[in-house]
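S.K.: Below is the sequence, then the predicted model.
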Amino acid sequence: MFRRTTSIKLVDAFGIRIGVDASWFLILFLMIFWLSSSFRSELRSSDGLAYLTTVVTVLLFFASLIMHELGHAFAARREGIEIRRIDLFLFGGFTQMSRDAATPAEEFKIAGAGPLATFCFVLICLGVDLAIVGPHRLEDAALLRGNVRVTPVLLSLSWLLLMNIAILAFNLVPAFPLDGGRIARAAVWRLRDDKATGTRFAAQLGRGFAVLVGAVGLSLVVSTRDTFTGLWLIAVAFLLGQAARGAIVQTALTERISGVRVADVMDSHPVAIPTETPVGQALDEFFLRYGWSWFPVVDSDGRFLGIARQPRVQAMVDAGEGWLTVGSGLEAGEAGSWRVGIDRPLTEVLSSESLGRLGALMAVDDLGVLRGVITIEQVRRALQSALTPG
C-alpha cells in the first residue's frame, strides 16, 4: 500500500525478495504485547501456552499480509511487470514493481488480486474451522461462542479470520491508495480513457476517507475509550492523506512531462569500458583518469553488459590479477536493473530504485546497445524545467 525504500531481507519466495522494514519489529512487539493478555484470559491456561499461541498467531497474521502482497505480485507478473520485492512495515505491506499499470485492465487485475488473496486466506481459516468442529458449529467456533471449547487453534483461527475480514473490507474502500481506490481509478480510467482523471478521482476519495478515519481516531482518543486504537487510526489517516496528496501532485507532474522521453534528457556521449579491457589498464585509463567510481561496460558491438566499480577493479589489481578483463569482474544479474530504453517516458525513470542506488541509468536501444546515460541531476533539471511557469 505504501512505498518503502530500505528493508531487512527475510526470504526469497517464488523469486521475489521478501523483507521487513525496521518499523515492523515495533508492530510485532506491540501486537504480541496487546494480544497476549486477551489470549491468556480466553484460554484460561498457563502463561506459556497463551504466549506461544499469541506469537504463532501474530506471525500467521503477517504471513497473511505477505499472501495479500503476493496476490498483487503474481497478477503483475502475468501482465509482464517485473516484481522487485515485497516489504512489510509498520502500517502494512508494499509490492515494488518495475512499472505502473499501463492499462485500466492491468490496474484492475493487479489491484483486485490482493483482496482476492486475502479472501482465499479467510476461506482457509473457515475450512480449518469446518474440519475441526463441523458445519453445525462453524459460526460458533469462528465467533468463539460459549458452546464451543476454546482451544489454542480455534482461538488463533478466530482472530485471524476476523482480522482478515476487517483488512479485506478496509482495503476495498474506494479510496486511493487502498486497493479499492485503485480499482476505482481503473474504472474511471476506463470510462474516461484518461489515467490522470482516474487518479485524481480516486485520490480525492482517499483524502476524504483519510479525514473520516482521522476523525474516528480523534474521537477515540478524546473519549479515552481506546487511546491506542485512536492514535493508530490517526497515524493511518495521516499516511492515507499523504499518499493521496502525493498521487495528485505526481499526476500533475506526469502531465507536465508526459511528452519527455529518456532520449531527450540523457547524455548521448557516455564513456564506457570495452569488456575485453584488462582491469589494470581500465584502472589507469578510466578510473584514475576520470575520477569516477563506476563505468558502464560494453561488448564489441556496444551492447551494455553491466557496471564496473572501482573497488572491485582495484581489488583484482591488488591481487595480481591485472591481466583479467573487466568483463570477468562484473557482478551477475546487475545489468537488467540498470538499463532503460531510450524511447521510454521520463516518468518511468522516476520510479526506478536503481536510479537512486547508482545515481544513473544506462539508456539502451532495442538491441541493447548503450546510447546514453541519464543521471539523477539530469532528471532533476528536467523536473525543474517542467515545473517552471513559462
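M.R.: It's in. Numbering: from 1, shown residues only.

S.K.: Can you list the strands that the one helix or strand Ala308 maps to pairs with?
M.R.: Per DSSP states H and E: Ala308 is located in strand 304-309. Strands that pair with strand 304-309, judged by DSSP bridges, come out as strand 294-298 (antiparallel).

S.K.: circling back: can you list the buried residues in the next helix or strand after the strand holding Ala308?
M.R.: Reading on from strand 304-309 to the C-terminus, the next helix or strand found by DSSP H and E is helix 310-318. Buried residues in helix 310-318, counting neighbours by 16 or more other C-beta atoms under 10 Å, are found at 310, 312-313, 316-317. Quick note: C-beta positions are derived from backbone N, CA and C, even for glycine.

S.K.: circling back: got the contact list for the strand holding Ala308?
M.R.: 272-273, 275, 282, 293-299, 326-327, 329-331, 334-335, 338-339, 358, 362, 364, 368-370 (C-beta atoms under 8 Å, 6 or more residues apart in numbering).

S.K.: where exactly do the helices run in the stretch 201-350 of the chain?
M.R.: Secondary structure of the stretch 201-350 of the chain (DSSP state H, counting those that start in this stretch): helices at 227-256, 262-265, 279-282, 288-290, 310-318, 346-350.

S.K.: ok so, going back, okay, angle between the strand holding Ala308 and helix 310-318 too, please.
M.R.: 80 degrees (axes from the mean of the first three to the mean of the last three C-alpha atoms, to 10 degrees).

S.K.: mind saving the C-alpha coords of strand 304-309 as CSV?
M.R.: C-alpha atoms of strand 304-309 as CSV (Å, rounded to 0.1, in the frame of the first residue of the first chain):
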residue,chain,number,x,y,z
PHE,A,304,25.6,-2.8,-22.4
LEU,A,305,26.8,-5.6,-20.2
GLY,A,306,27.0,-4.2,-16.7
ILE,A,307,28.8,-1.8,-14.3
ALA,A,308,32.5,-1.9,-13.4
ARG,A,309,33.1,-0.5,-9.9
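
S.K.: same question for that strand, mean pLDDT?
M.R.: Averaging pLDDT along strand 304-309 yields 91.

S.K.: Across the sheet, point out what pairs with Val19.
M.R.: You called it Val, but residue 19 is Gly. Beta-bridge partners of Gly19, counted by DSSP bridges, are Lys9, Asp87.

S.K.: Next, find the distance separating it from Ile66.
M.R.: Noted for Gly19: a distance of 11 Å to Ile66, by C-beta to C-beta, to the nearest Å.

S.K.: Now do the shared contacts for the two.
M.R.: 86, 88.

S.K.: Neighbour count for these two, which is higher?
M.R.: Neighbour count, other C-beta atoms under 10 Å: between Gly19 and Ile66, Ile66 has more, with 21 against 18.

S.K.: Distance from the strand or helix carrying that one to the middle of the chain?
M.R.: Using DSSP H and E, Ile66 sits within helix 47-78. Distance of helix 47-78 from its chain centroid, counting by C-alpha atoms, centre = their mean, to the nearest Å, is 16 Å.

S.K.: What residues of that helix count as buried?
M.R.: Buried residues in helix 47-78, counted by 16+ other C-beta under 10 Å: 50, 53-55, 57-58, 60-62, 64-77.

S.K.: What of stretch 137-157?
M.R.: 138, 141-142, 148, 150, 152, 154-157.

S.K.: can I get these in CSV with distance to Arg190?
M.R.: Shown next, in CSV, are the buried residues of stretch 137-157 (distance: C-beta to C-beta, whole Å):
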residue, distance to Arg190
Leu138, 39
Ala141, 42
Ala142, 37
Val148, 46
Val150, 48
Pro152, 47
Leu154, 44
Leu155, 44
Ser156, 41
Leu157, 39
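
S.K.: okay if I get those residues as CSV plus pLDDT?
M.R.: Output for these, formatted as CSV (pLDDT from 0 to 100):
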residue, pLDDT
Leu138, 73
Ala141, 69
Ala142, 72
Val148, 68
Val150, 76
Pro152, 87
Leu154, 86
Leu155, 86
Ser156, 89
Leu157, 90
